[in-house]
Every structure is written in structure tokens, then in C-alpha cells.
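Chemist: Mind looking at a prediction? Sequence and model below.
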There are 4 protein chains.
Amino acid sequence: MSKDIKKVVLAYSGGLDTSVILKWIALTYNCEVVTLTADLGQEEDLDGVDAKALATGASRAYVEDLREEFARDFIYPMMRANAVYEGRYLLGTSIARPLIAKRLVEIAHQEGAQAVAHGATGKGNDQVRFELAAMALDPRLKVIAPWREWNFRSRTDLTNFAQEHGIPLPVAASRKQYSMDRNMLHCSFEGGELEDPWSEPLEGSYLMAVPMEKAPDTPEYIELEYLNGDAVALNGEQLSPAAMIKALNTLGGKHGIGRLDMVENRFVGIKSRGVYETPGGTILYNAHRDLEGICLDRESMHLRDSLITRYSECVYNGFWFAPEREALQKLIDETQRNVTGTVRMKLYKGHAVPVGRKSPYSLYRMDLATFEEDEVYNQADAAGFIRLQGLRLLGYKK
Amino acid sequence: MSKDIKKVVLAYSGGLDTSVILKWIALTYNCEVVTLTADLGQEEDLDGVDAKALATGASRAYVEDLREEFARDFIYPMMRANAVYEGRYLLGTSIARPLIAKRLVEIAHQEGAQAVAHGATGKGNDQVRFELAAMALDPRLKVIAPWREWNFRSRTDLTNFAQEHGIPLPVAASRKQYSMDRNMLHCSFEGGELEDPWSEPLEGSYLMAVPMEKAPDTPEYIELEYLNGDAVALNGEQLSPAAMIKALNTLGGKHGIGRLDMVENRFVGIKSRGVYETPGGTILYNAHRDLEGICLDRESMHLRDSLITRYSECVYNGFWFAPEREALQKLIDETQRNVTGTVRMKLYKGHAVPVGRKSPYSLYRMDLATFEEDEVYNQADAAGFIRLQGLRLLGYKK
Amino acid sequence: MSKDIKKVVLAYSGGLDTSVILKWIALTYNCEVVTLTADLGQEEDLDGVDAKALATGASRAYVEDLREEFARDFIYPMMRANAVYEGRYLLGTSIARPLIAKRLVEIAHQEGAQAVAHGATGKGNDQVRFELAAMALDPRLKVIAPWREWNFRSRTDLTNFAQEHGIPLPVAASRKQYSMDRNMLHCSFEGGELEDPWSEPLEGSYLMAVPMEKAPDTPEYIELEYLNGDAVALNGEQLSPAAMIKALNTLGGKHGIGRLDMVENRFVGIKSRGVYETPGGTILYNAHRDLEGICLDRESMHLRDSLITRYSECVYNGFWFAPEREALQKLIDETQRNVTGTVRMKLYKGHAVPVGRKSPYSLYRMDLATFEEDEVYNQADAAGFIRLQGLRLLGYKK
Amino acid sequence: MSKDIKKVVLAYSGGLDTSVILKWIALTYNCEVVTLTADLGQEEDLDGVDAKALATGASRAYVEDLREEFARDFIYPMMRANAVYEGRYLLGTSIARPLIAKRLVEIAHQEGAQAVAHGATGKGNDQVRFELAAMALDPRLKVIAPWREWNFRSRTDLTNFAQEHGIPLPVAASRKQYSMDRNMLHCSFEGGELEDPWSEPLEGSYLMAVPMEKAPDTPEYIELEYLNGDAVALNGEQLSPAAMIKALNTLGGKHGIGRLDMVENRFVGIKSRGVYETPGGTILYNAHRDLEGICLDRESMHLRDSLITRYSECVYNGFWFAPEREALQKLIDETQRNVTGTVRMKLYKGHAVPVGRKSPYSLYRMDLATFEEDEVYNQADAAGFIRLQGLRLLGYKK
């Protein structure tokens, strides 16, 4: 192992895996380990996580509340883009990684560390997201990815190592059949019993939202206000980005909104089956697209729509701190200049349905849409319009 | 008016508008009018529509069942593309127009007519769709669009003309506040009370599906089998395309599936608010995309996804018989070669949720997706993969 | 004709056509006509054009030097995009129209005019470009397009009208077989003898550049410096955008650079044959793309490249003052942040060949490109990279 | 090393590098080596290359003429797409690799080999192209890439190994400063003195074409006939694809056509400087695009143009036997159905300029393009066309 590495900053959750990693790095690299535990709204109790890190061998343990930064600088820009991977996945896990990587690098600078480390496995997307962000932010930092380096062949090996080194095992560790990731935007599950794509996920794979069947029998209506593509108020109350997402998670969770079960294509070349919950994000996605219906010019919308796949690849594949993502963001943000207004949403048994929308910048004109005569639209114009549109097709299929 | 026009083939629904048009053309052009009434699954009683046409002055009245052709040659190719306009509209009205135009042109050839005619207004998309198809299919045929030609200023003018010429008025004509279009794929409403986009549509704007609230409290599971991107069997029973859509409409309608309320951008430059129901089409859309999750290669899928906006513009704008749509179709059909398999769907209160999928061509490999070691995937490969992916980003944000 | 129109601002070249138009509008609309003659670098003597306008009936004649605005705000942003229509045309005519329209609208505001007018025909692209810009800039202004309104059937009708109203005919009017447009970026010809696409254009269709055969037998080398995607210095001398284009036209013209003969697709649905000269613009295009080779990240470049067709459609079709063009511009300008450096060009008999390039932001690293070992690139990484890239293809063609 | 490998099929050029590789594999893997030397039109004398392979230790030496297959199944489909990488490179090296890989795999099957091997280095694109093709064609075959495996650190190590094992050194080996690749479509150089992108390439970097300065002072005109997008006859003589390319290379070479000097982005994340010659390919590229001007519908062309970047990435990155390339090819081939006709080209001092074009399927209509009145185009239609095009922009920039 490299002798140059004297200090490492590790993304630390407090769970078994990153505790093992903490100890393994310290032993293997014979170096100091500093931990970062970030509050991204995962709704876990982080009290005592620093003590646990220190007890497991960390020299220093950072515990940070990154919720507002996460919502404002990562989730909101992505929501402005209507990002969605492979038609369905709202990218809840993907969007959190660059922020964690950014803080790891910043702390490495503060601490004078030579490397950052993460607990993502060698088969998933998260390793790519962490490491690409780190490479973009500081190419001199090494990245340590223990899952790709060590010789543990199975979960049992891991457990043995933990017991050997006095790392407490979670009470229910043996029961857990799948891998889970949670932050303020979503909760994901994969692996274990979910690996058979023909089987319906068990109810236990969901945490944030009730099953649709158990949602209230009465719809609930809410009003969401947007400013330049960002949700800023709920039912008349101004909310910060993080507060907005939290509030919508509560509402969405109550109404069983935002569950998803799909097989997706990982960046590393594998297909995998994921189960996701994005209660608040789903409400925001639906509301945002609906508001665009009245605020966004047709060609801007279609142009942007044709780029959603590319933008979403950037987020999913870990190219957040990347020039192509930033160039796309400029285009997207430009389209959002007038996406300002209010959407009325009906929440009911898994649905978040827009039922009304209004905007000071509305391009929808009741006078134009009506079937009656008007000043602006001359029906005779349509004849010329169609004629020239069709000129290039004349007799094409004759 | 042109003296060259001696015979016209008119798309005739049997309703007030096209009856007025029939009479108006005959009088204005002093010509013979032949009518075509197509059964596209609109679930209207077409008995007697020919008699009505003849009574109103038609020289001949064609009534044709085009349901299988519609489903097989228009709806199914479009569904293979996952076509969706502005993120939400499944293009139910758009896709019917080229077929009607095609039959108008064919009958014009049989009948030796010089023109075809339609009842679409001068502000909508349908006029474009009819006319572009006619121009592509036979550039020598004139197109008559009475709504753009006559001097009627209001619905009262129309009613007066009808009464003057003995055209029977529908009993409830005065009540109808909006314009409706229905075929086997969907039912759409626009105009009238729907013109205020802030108001939630009244229940009366829906015909095909029950309100979600009135759907059964118990989910229903179905299995859909696909062959090369086309749905071919439902719960083990082989069904023709038209029979499949009809059966899924019944199921979707029962469970309140496929309603949509949105403001969209018309091709003629106006925004309009539409309310749509696509019960069976929504089930098909969701099932198809889900099956693609296991059958479609990642890059093929992303490439195709980036072209959905363009393909959908073709359909929406009326460029069906157009070289760019046909070129896109070739690409899309190539991607569907292995989209063969079965999707299990849960239908419940407006939802059509895929809960299981399998395929003889599945690219999903449980052995690869698992967290355990395997033969094919070497986790060490990921390090090199990431390193080269990030090479171009090194220090980009430093 | 509309009684509301009391004053019209006309784009006036001083030639026969716009002189006839001036008079025709004054007579037909019974209104005041104000003229705008813009110097866009067309290298025509504009002395006396105001007197001519006044003599032909204008109430006021603006003659304005718009060269710097044209170069800085229109040509340069377009060159940053590497805009090229249908693979070859550098959009020299297209880019001038929005600026003229903008000044027409501004003068209409100053003068309290109710309409603007142009001399473009009803079959070309220029009418669209003028009118879309005017609609975007002030929807209340009428647009008068005499070529679409009057009853002149031929050039003889026009000449007769001119003679009737004492408008002097150009000496060689009868000889001119084609339509010409010139500004600082280019000169175009179409019509007349050029209409047969099988015939090679005669030498007389070119004005700005010598035939390649007559260019010097010795190459000339120049150095172009760029800052953020804009050419700012030539052979070490800082030049304003307009001065740069003028200087490069001289160089390009001398070396026979930038001629083009092609059949293109007009926005109005017609194919037409055009002959173009863009001497300086061709040098800029080649130099800019070459510099991007060392300054632009791969994915930014490929993304931008995939949007050149769309951007160029915006310019060609007249959607300059349009939200989709402006959104694209934001993306493009973001990619140009580091396109700063120097390109060495060899000019020789129609060629403008980059032969050297350097940049303070160069992403090209000689240490990486070499075949010898290096610190950054580990050849073993390639194995993992390829392995994961190919995972989705395993056995695809077996 | 793997004991499973008993026989390897190696792509063998007869040069020093692949001779060393041959011997190294035989020794390192203790296995039989079968060689494939393909004639792809590289204009090298392949007589005796089999004897040399056998003398160096091969158990069998295949020497095959693949020129027609290369031209027909690889170059021509790619030329139909107007493929061009990063705006300039005609992909001459890239397109050869999948064919060689295909033959390696086929011979491996014939010979019962367990692996294929190539001589591409670990920093270039060719390794990716070989290996992705092999993975797609037979996932069970191992790929041996000695440049990534052995411990040679420099060219001296290689030479020493050669001398040790009696492999004859090329006379001028020490002089060669760059790496070269040649086949019937092009010749490329990189490395050595070319690594400084500010230096103009020396004349010695070109083999196929004379310097423009030394090309004849008199232009030469040729006529190229196309059928469905493929060049089929030159000056009235039918030629097979390979014969066509050979004949055009002679013509292009004589006139100094097709040289290129650029910095490009490799797939492996590095920028590199390449110098290319593609004499015949450049003539074909220019002629093909020009013929499309009269044969291809506007929207088909623009759609295809927007996909050239993607298609070219497929070829450049080695995804030839890949579903996305094949889907794109279907779209492209569909657009080429009527690209049939004749282009007249002027060849002169590095230029291949289309000067005339005609086609039985020409969509160019002289009657429409003319400024005079016609039957088909009604100028009044333009007013309606523009009006509706601009409706969405009304007042956008006010």
C-alpha cells in the first residue's frame, strides 16, 4: 500500500460496512482516518455517530447538516431539468453522491489528507459518482475503495472482521436481504429478494410512503408556487428548498405517492432491479412539468425534452462536476426564467395530479384557444401554413 | 369556387357539424359529395349514418370498419416508439387522422373525385394532420376545409344553416360546451368550460374511465405478453391489436386508468388545454417501457429515448406519411427485435403498475446484479473504467 | 388597405426593387414612408442613398453604420456555435436579417410608425426572418411585404411601374440574371442561370474572392488569437469584430477562400441552389474548430456538435429572437469559456488550413499522448475500461 | 498465465511489433499462435509475410484479401451516414478494426482457438475497437493485449527482445518517429514529432497524396454516379466498392486531396494529435453530401445530421457490432433510398468541389425555385405560414 497516504477522509454512515471500512483502512494503510457523516435528510439519528467513529479508530469525526445545500444546489437544479433516468427513475441516490464527494475533498484540504474513501461496492454506480467528482475536484487526491481492494469474499468475512476488531454488529444484520440508500429525496432498495425481476417487491421494501391501498380515501389538494422553475411556497407558506422537500415527503408519504419498481441499466454495464420511493420529488416533478405547460414556449420545451436523456445520464453516471452537465444546466436554467406561477395538485392514493395552473407569465391565451373568432389568430393563415409545411411532402407516398 | 371540382369525398361523422359541411360543400361547390364514416372504435352506433348522409345530400356513403388497420398499422408502431407528446399526451387523436386521410384519398381515387374534405377547424391540429397526409398521398387532390372557408361566425350561424336546410339538430346540442374526439385509443375534450386552465375538469369530461375514487378497492393483476414490441396476448389469450386495445380499455376504464389534464402546444402556434382518457393505451405504455427494462440494451434505449420528442412531434404535427417519421420508425423497430416477454401489471385506482417482468431475451442477469463474486464481472475492472472515464475531468473544478 | 397605417419604416437598399416598393407603399397605403439603409459591410457606396430615398418619396431617410453591432452581437455569437446549415452554408445572409428587423422596429418606435416593410419576395427565407424578428420585438407593428401583396407578375411590370413614377433604372438592370445579397460576412447569388443545378456557376457569380486558380502560388501564414471563442487578434494586432472580419475577407479573398455552390432546403418548403462566398468567415470557422480541438472537453464538444443542426435551423429559419436560440446560446457560450489561444493558419489557393494551435487552457497533454510510460495514465486501466464498456455487448452478435 | 489458452489467433502485420508479440505470446502463454494478415488495401507487399510468421513461430499463417468486404460492408455503410468525427476526421482507422476482429473470431472458431490477440497499445482507441468487437462476436474468447501485459518499458526493451529471439529488425527502425496506420481508406500518423500541436507536420507524414502545392495546375473534372447512397460508377464506368475507392485514391492523391491535421479526443480520455490522409474518401464525402442536396428531404436530412455525432462516436469508439449503431444504420439507410444520381466534381490542388448534380429522384424543382409565378407555390401562403410560425413568439423580446 502506498506510503504517501498518511490521512484519509472517509464517508461514514455509522453502519456495519463503513465501520469495517474505517478499521480496515486504518490497519491496511497504517494511516489516520477522519470521518464525514453527512445529514442529507436520511432521517436517521446521527447522535453518537461521531463517538462511534472515534471508538472504531477515527482520529476525528465530522458530522454535518448538508440538507439545505443538498436541496438548493443539487436537487433543485436537477428538478428544473425534469431529470428522469430511463423514463422513470428520479435519480434520488445519484444526486447525493457529488455533494458527499465535494465535502470529502474540502475536508481533505482542511485536514491535509492525501486520500478520500467511500464504502460503495465495485459493481454499482456510486463508486463512479464518488470518484469522478473527486477527480474533477482534486486530481491529486487518491481514492480508496475498499470493496474493490480487500479480500473479503462474502458478508460472513465482513462480520468476522467486525467481531475480530470489536465493531458492534447491528441486531438485525442477518435479516437484511437488500441494500438500502436513503436521503431527503428518496429511499432506494436493491439486491436480496428484489433480484428476481418477476417477483413483486414485498411491502417491507418501502419506508417513506404508505401503500396506495392504505392511503386516505379522501383526496387532498395543495397549491405549489414556483419561481423561475423552483418550488418556493406550499399552500401559501414560503419554504426553503429542504423544508419544501420535507413537507412534500410528509404529504406524499401519507398518500402513497412516488413508489417505483424497475430494471435499469447501470453505468458499469449491468442491468439491476431497483425499488425506489420519491414521495415529495414525484409531486414536484408532476407539478413542475405541468406549470411548464403554460409558461414554456413550445420549441424551448421540445429542445429541453430532447436533452433530458443526456442530462439524466450526466447525473446517473456521476458526471455532475462536468462541463457537459454545466453547459446543459445553462440551457435549462435559461428555459426556466418564466416558469413562475402556481399549480394546484390533487393527492390521492399514489397520485399527484395537477388539476389547475396559473402564471403571471402564462403563454396560454384563452382568447386564442377558443373556437370563436379573435383578433390575433386568423384562421385563413392556417391554409398557407399547412400548404408550405406540406410542400416538401407533395406526392411523397403516391 | 373552382369549377374543376365535381366530386368531393368528405370525412363524415354523422354529427351536426359534418352534416352542415356536407350540405354546404354540395351547395357551394355545386358538386357531388361522397361520405366516409370510419369505425375507429369510437363506440358510436353507426347504424343509419349512411342513410343520414344520403338524406343530407350525399351521392354515396361509405361506412367502414377500420379498427384492425388502425390498431395494427398506426397505434402499434407508435406504441413501439413509446411516443408521448410533451411528456404526457399519448397522441390518441393525432394518430387517427392519417388513416382517415388515407381512406379519403383511396376513395377519391375509386370514385374519381377531385377533392377531399374534412370538418376540422382552422385553429386546431387536425386540419394539419388531414391535409399533410393528403398532400403526401396525392398532391393533385384539392383539400376543402369549410371551417376556414365559410362565413359562419358562431355556432348560431351553423344552427341556422342546419335548420334552413332541414338538418336535424342533436337534442342536447345547446348544452355541449366542449369539443370531443373519440376512437379506440382515447377520448379527448377541449374547449368550453375547460378553457380556464385553473379549473379542475368536471366529471362530465370523462367517458371511458371511472373516476379513480370510484374504481374497485381491490387491485387486479394481469399479464401482458409482447412479441417484438407488440402486445399479443392478455392473461394467456392471444388477441389481435384491436381486440387487445378494446380489452385493455375495459380493464383500464374499470380501474380509472389513463386520465390526463394538461396545457399543450398546438402545431399552429397556440397553447390549448386538453383533457384526455387513454385507459388501455396507458396500460400498454407502462407495460412496454417496463419490458424494455430487461430486453433493451442501454445505449439503444437512451438513443431511442432521445428521439421520442422528435417522433412524437411527427405524430402530433401530422407528419405520419413523411420520410423523417419513416426513418425514425426503422430505427425504433430495430430496437424492438428482442422486446419479447411478459409483464405482470397491477391495476388499481388509476394506476397501471408493472410488478414483474420476464423475457426469453432478458439482458438482466441475476448473477451479475448480485453483490457476491461472479465469473463475468471483475470488480477490479471498475477501477480502470472509472479512471479513464475521469481522465478528461482531472482537476476540472479545482 | 388598413386605414391605421400612417407611417411605415422600410428597409431600403437604394436599388430598383426597394425604390419601387417605397413608392408603391406610399401610394397604396397613402402613408408616410421612412427608410432605413444599413451599412452591414456590403461595400456599396451609400453616399446619396438618403437623397435618392427622399427623391423617391420618403419623408425621412436613415442611413446607419451597423457593422460593429452586426459583427459583435450577431456574427460572433453564431461563429462561437460553429453554425453551419446542411453541412456547408455559413449562414451569411440569414444572420443579417434579425439585425435589420431590430433597427426597423426601433425606428418605428422613434418615429411612431405603425408598420415596417421589407423587400423580400414571397418564396424566400428572408421574408420569414424579417417578420419573425418583428413579431418577437413588437407584436403590434404590422409588417408590409409588397412582393406578396402587389399584382406585379414579372420584372417587366416592375420596370414599367418604375418608369411611370420616375424611378431611375440601373444601367445594367436587364443583364442581371440572378439575385444577390451581400454583407460583411458573405455574398450570395441565386436565381437566373444558377437555377440549373447541373451547371457550374459562371465566374461572374463571385465577387469577394478570386478564383482558386488565380490565387497566389505561395502560401501565406497567419496567426489568429481567440478569447472565449471570439477572434480578437490577427498576427498580433488586436482587432474589433468588424475589423477582424474585414481583414480576413481581404486575406481570404486574395487566396480564393470560401466559395460554395449547393442546393439547400428553404424554410418555406422549396429546394434552391445558392452560390456563396464567405472568405473571412471560412477562415474563422476553420480556425475556431481547430482551437476547440485542444481547449474543449470531449463531451462538451460532442454535445454541442449534436446541437449545431438545431442552432443553425434557428438562424436559417429566422428564429434568432427566439427562446430556443437563446437557450442554445447559453449552452454554447458556456462551452467557450476556455476557447482561448492561438491558431496558425495556412492560406493557399482556396484553403484555410490550421497547421498549429496552442492555448493557456490546453487540455492536450504531450505527456499523456506519448507512447512512453507516464504518471497519470496507467495502461492497465484500459483493460477494465474496455471490459465494462463491452459488458452490455457480450455475445450480442454471436 | 491462464492454462486454458492453447491456441491464439493474432492480428499480424509482419512488422517488428507484431513479430515480437507473436513470439512473446508463444513463450508467455506457452501456446500455439495462428496469425492473420489482412489485405485491407494498405498497399504493402504481403508476399512472404506468411513465411515470416511461420519463421517467427506461428503454427499457421492466414493471409487474406478482405478489400471488397471492407469496402462494401464497412466503408460504404459508414459513408452513407456522412460519418465524421469531431467535425473533421473521416474515421479511416476506426472502421478497419471491427472487420479484423471479425476475421480473428471466425478463424478462432475454425482453429479451435481460445483467444485472439492484437498489437494495439494501451493508450489508444484501437485496443477498444478490437476488443469490443470480439466481446460482441464471441464472449467466451479471451483477448490478449500484450502491450498492456508485458513489462517492456521502452522501444529499446522491444528491440532487445527481438534481437534475443532472432526477429529481424527493420532497417530504418530507429528513424521512425511516429506511428502509422494505413488501409484503402486512409493513412494516419501520430506520435513522435507530431506530438507538438503547434508544429506543422513535416512533408514526410504524408504518403497517399501529393502536397497541394505540387498538384497539377489544371483542374480535372470527374462524374460520380450513386445508387441508394453508394458510389457505383466513375466517369461512366461501373466499379466495385473497393475498385471505386482505389480509383479515387489515385485521383485524389494526384490532386493533393484529403489531408487533415487535428487534435482529437480519444475514447480512453486523452487528447491526441493525428495527421490523416483520406484522398478518395474525401471525394466521396463531398460528392455524397452534395447529391443529398437534391435527393434528400429537408427533415430527413436534418434528423440524420443531428445523429452524425452519435453515429461517428459508435465508429470511433469501437461500437460497430453494437445495437445502437445498427439501429442508427437502419435510419440512415432508409434516408438513402433515393440518393441516386450523378455528381460532377472538380479536383484541383487539394479541393474536391461539387460543381453539378442531377438525379432521377431530384426534389429540386426549377419551377418552384424561380422568382416567377408558378402553379404549385402561392406566395400568399407565405403570409399565413409566417404568421403561425411567429404566433408563439409574439412580443417575446418586447
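Modeler: Cool, got the structure. Residues are numbered from 1 along each chain as shown, chains lettered A, B, ... in the order given.
Chemist: For whatever residue of the stretch 1-150 of chain A ends up closest to chain D, give its distance to C:Asp196.
Modeler: Nearest to chain D, among the residues of the stretch 1-150 of chain A, is A:Met135, at 10.4 Å (CB to the nearest CB). Any C-beta I mention is one placed from the backbone N, CA and C, and that applies to glycine too. Going from A:Met135 to C:Asp196 by CB to CB, to the nearest Å gives 58 Å.
Chemist: Of the two, which one has the most company?
Modeler: Using other CB atoms under 10 Å in any protein chain shown as the criterion, A:Met135 and C:Asp196 rank with A:Met135 on top: 27 against 13.
Chemist: what about A:Glu193, neighbour count?
Modeler: Close neighbours of A:Glu193, defined as other CB under 10 Å, add up to 13.
Chemist: ok so it is a strand residue?
Modeler: No - assessed with DSSP: H, G, I helix; E, B strand; the rest coil, A:Glu193 is helix; it does not lie in a strand.
Chemist: Check it and give its pLDDT.
Modeler: In this model, A:Glu193 is scored at 80, pLDDT.
Chemist: Do a quick rundown of the helices in chain A.
Modeler: Ranges of helices in chain A, per DSSP state H, are A:16-29, A:49-56, A:67-70, A:76-80, A:97-111, A:126-137, A:146-149, A:155-164, A:241-254, A:279-295, A:298-317, A:323-335, A:366-369, A:379-391.
Chemist: Could you tell me the least trusted of the ones you listed?
Modeler: Among the helices of chain A, helix A:366-369 has the lowest mean pLDDT, at a mean of 64.
Chemist: Hmm, A:Tyr396 is touching B:Glu324, no?
Modeler: No - counting by CB atoms under 8 Å, A:Tyr396 stays clear of B:Glu324, with 10.7 Å between them.
Chemist: Next up, the contacts around the closest residue in space to A:Arg304 that isn't next to it in sequence.
Modeler: Excluding its sequence neighbours, the residue lying closest to A:Arg304 (CB to CB, 6 or more residues apart in numbering or on different chains) is A:Thr335, at 5.3 Å. A:Thr335 sits next to A:229, A:296, A:300-301, A:303-304, C:323, C:327 when contact means CB atoms under 8 Å, 6 or more residues apart in numbering or on different chains.
Chemist: what's the answer for A:Ser59, then?
Modeler: By CB under 8 Å, 6+ apart, the residues touching A:Ser59 are A:7, A:32-34.
Chemist: Now flag whichever of those residues is closest to chain B.
Modeler: Using CB to the nearest CB, A:Lys7 comes nearest to chain B of the contacts of A:Ser59, at 19.6 Å.
Chemist: And for the closest one, the neighbour number?
Modeler: Counted by other CB under 10 Å, the residues lying close to A:Lys7 total 17.
Chemist: And the residue nearest to A:Arg304, how far from chain D?
Modeler: Counting by CB to the nearest CB, to the nearest Å, the separation of A:Thr335 from chain D is 13 Å.
Chemist: Leaving out chain neighbours, which residue sits closest to A:Glu86?
Modeler: Distances taken as CB to CB, 6+ apart place A:Glu264 nearest to A:Glu86, at 5.5 Å, with adjacent residues excluded.
Chemist: count of residues packed around the closest residue to A:Leu388 other than its chain neighbours?
Modeler: Excluding the flanking residues, the one nearest A:Leu388 by CB to CB, 6+ apart is D:Phe385, at 4.2 Å. The local packing of D:Phe385 (other CB under 10 Å) involves 27 other residues.
Chemist: Do I have it right that D:Phe385 meets A:Phe385?
Modeler: Yes - if you go by CB under 8 Å, D:Phe385 and A:Phe385 touch, sitting 4.8 Å apart.
Chemist: Return the residues of chain A in contact with chain D.
Modeler: Residues of chain A lying close to chain D (CB under 8 Å from any CB of the partner chain) are A:297-299, A:363, A:368, A:376-378, A:380-385, A:387-389, A:391-394, A:396.
Chemist: Just the buried residues from those residues, in PyMOL please.
Modeler: Filtering the residues of chain A next to chain D down to the buried ones (16 or more other CB atoms under 10 Å in any protein chain shown) takes a single PyMOL command:
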select buried, chain A and resi 297+298+299+363+368+377+378+381+382+383+384+385+387+388+389+391+392+393+394+396
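Chemist: coming back round to it: ok now do the residue of the stretch 1-150 of chain A closest to chain D, which residues does it touch?
Modeler: When contacts are counted by CB under 8 Å, 6+ apart, A:Met135 touches A:143, B:390, B:393-395.
Chemist: can you rerun that using 10 Å?
Modeler: A:Met135 sits next to A:101, A:105, A:141, A:143, A:318, A:321, B:386-387, B:389-397 when contact means CB atoms under 10 Å, 6 or more residues apart in numbering or on different chains.
Chemist: Neighbours of the closest residue in space to A:Met79 that isn't next to it in sequence, how many?
Modeler: Nearest residue to A:Met79, sequence neighbours excluded (CB to CB, 6+ apart): A:Leu284, at 5.5 Å. Using other CB under 10 Å, the number of residues around A:Leu284 comes to 29.
Chemist: The one 10 residues further on too?
Modeler: Burial of A:Ile294 is recorded as 24 neighbouring residues (other CB under 10 Å).
Chemist: could you list every residue that touches it?
Modeler: Applying CB under 10 Å, 6+ apart to A:Ile294 gives the contacts A:338-339, A:341, A:343, A:357-359, A:361-365, B:197-198, B:262-263, B:271, B:273.
Chemist: coming back round to it: what sits opposite the residue nearest to A:Glu86 in the beta ladder?
Modeler: On the basis of DSSP bridges, A:Glu264 is bridged to A:Ser272.
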